[in-house]
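Engineer: Structure, please.
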Amino acid sequence: MANILFRSQRLRSYLLPSTLLPNALRFPTSLTISPKQAIRVLVTGAAGQTGHALVPMIARGAMLGPDQPVILHLLDNPQTIEVLDALRMELVDAAFPLLKGVVATSDLFRACTDVNIVVMLWGFLRKDGMDRREMISKNVSLHKAQASAIEKHAAPNCKVLVVANPANTNALIFKEFAPSIAEKNVTCLTRLEHNRVLGQIAQRLYVHVSDVKNVIIWGNHSSSQYPDANHATVTTATGERPVRELVSNDQWLKGEFITTMQQPGATIIKARKLVSAFSEASAVCDHIRDWILGTPKDTWVSMGVYSDGSYGIPASLIYSFPVTCNGGEWSIVQGLEIDGFSRAKMDATTNDLISERALAYSCLN
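Structural biologist: Below you'll find the model as predicted:
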């Protein structure tokens, strides 16, 4: 597929190439810009269900704020170019005030030119009869091509969010082939599970979801991930109270709660026969918005980021941690108490990631 992408020259756009504009009208190529200037956002795999849900959210301001203009770059394979062009036409018809241009293309280099933010929805899913190594091998090939193009053609300080599974390992593969992109600028999505935990706790306690905060998703975006409510709180009329105290059922928190959260979207997929595209798209917007604009005071979110050794997690793994964000940078929350139960769960998902990383690296050669 990568070779097809490089050969394809089809491009649809209602945006003049920046090379044809006078210097004063050229769009910026860095996130260190006035928020009133347009930011270019690339969505790969944009013709899929999640892409179709995501791009109007970005155009409406859900990702970067209600006063931030955007230019959307939409990339997918040549077989979906008509679907991609239909999406472009829908965006034009919607007349979003913040949307300053759309580039819809199957050409990888053109899609990556001058982009400030990349959302990588594109990946190979495991199919019936496909073993795990084959699935990861296909992702290595695809992410190698994407990473090389983004490194060469994206704007300086470009920020990358990997969504396609296996998300943590795909993010590692991306970084392997884009060595000049800073580790701090490569993350993977675990915000959907973070949001799902907030919703499940809110339903359990009959409170509004906005009153629940500081849950954690530790580790791999897989069935081994560990949803942790030990440090979560609920805002009540008398102040903040621990979730564990309000739930008052450790058996549920250590059992059904975890196993339900470790099957991401399974219930929705069974009911719809389709992926949970809307909630995933919303989580992507939440992830990028908090990363760029900052997290609320005294609140953390879950992001898959490069480990620095915090909480005993080996460095060089991309692991989901609790983080706070400020000024476009994330920081791992430090000093949280980890009990024996949590330690075992965190170690289990660590071992899952190490195994997955070894399999991916074996496919690099």
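Engineer: Going by residue numbers, what spans are helices in the chain?
Structural biologist: Counting by DSSP state H, the chain has helices at residues 2-7, 49-60, 81-94, 108-112, 132-153, 167-176, 191-205, 243-247, 250-254, 256-261, 266-272, 277-293, 340-362.
Engineer: Any idea which of those gets closest to Tyr226?
Structural biologist: Closest approach to Tyr226 among these (CB to CB): helix 340-362, 3.9 Å. For glycine as for every other residue, the C-beta is placed from the backbone atoms N, C-alpha and C.
Engineer: residues of that closest one that come out buried?
Structural biologist: Within helix 340-362, the residues that qualify as buried are Ser342, Lys345, Met346, Thr349, Thr350, Asp352, Leu353, Glu356, Arg357, Leu359, Ala360, counting by 16 or more other CB atoms under 10 Å.
Engineer: follow-up on the earlier one: export the helices of the chain as CSV, with columns for mean pLDDT.
Structural biologist: Converted to CSV, the helices of the chain look like this (pLDDT from 0 to 100):
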stretch, mean pLDDT
helix 2-7, 37
helix 49-60, 97
helix 81-94, 96
helix 108-112, 95
helix 132-153, 83
helix 167-176, 92
helix 191-205, 96
helix 243-247, 97
helix 250-254, 95
helix 256-261, 89
helix 266-272, 59
helix 277-293, 96
helix 340-362, 94
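Engineer: Select, out of the ones you listed, the one closest to Gly327.
Structural biologist: Closest approach to Gly327 among the helices of the chain (CB to CB): helix 277-293, 9.3 Å.
Engineer: Distance check, Ala111 against Trp300.
Structural biologist: Distance of Ala111 to Trp300, given as CB to CB, to the nearest Å: 33 Å.
Engineer: Let me see the mean pLDDT of the strand ranked longest in the chain.
Structural biologist: Secondary structure of the chain per DSSP state E: the longest strand is strand 318-326. Average pLDDT, strand 318-326: 98.
Engineer: Now do it: distance to the chain's middle.
Structural biologist: Here strand 318-326 is found 12 Å from its chain centre; the criterion is CA atoms, centre = their mean, to the nearest Å.
Engineer: helices or strands next to it in the packing?
Structural biologist: Applying 3 or more CB pairs under 8 Å, 6 or more residues apart in numbering; DSSP states H and E, one finds that strand 318-326 contacts helix 167-176, strand 186-188, strand 216-218, helix 277-293, strand 301-306, strand 329-332, helix 340-362.
Engineer: Quick check: which of the ones you listed is nearest to Val197?
Structural biologist: strand 216-218 (7.0 Å).
Engineer: Show the average pLDDT along the closest one.
Structural biologist: Per-residue scores along strand 216-218 average to 98.
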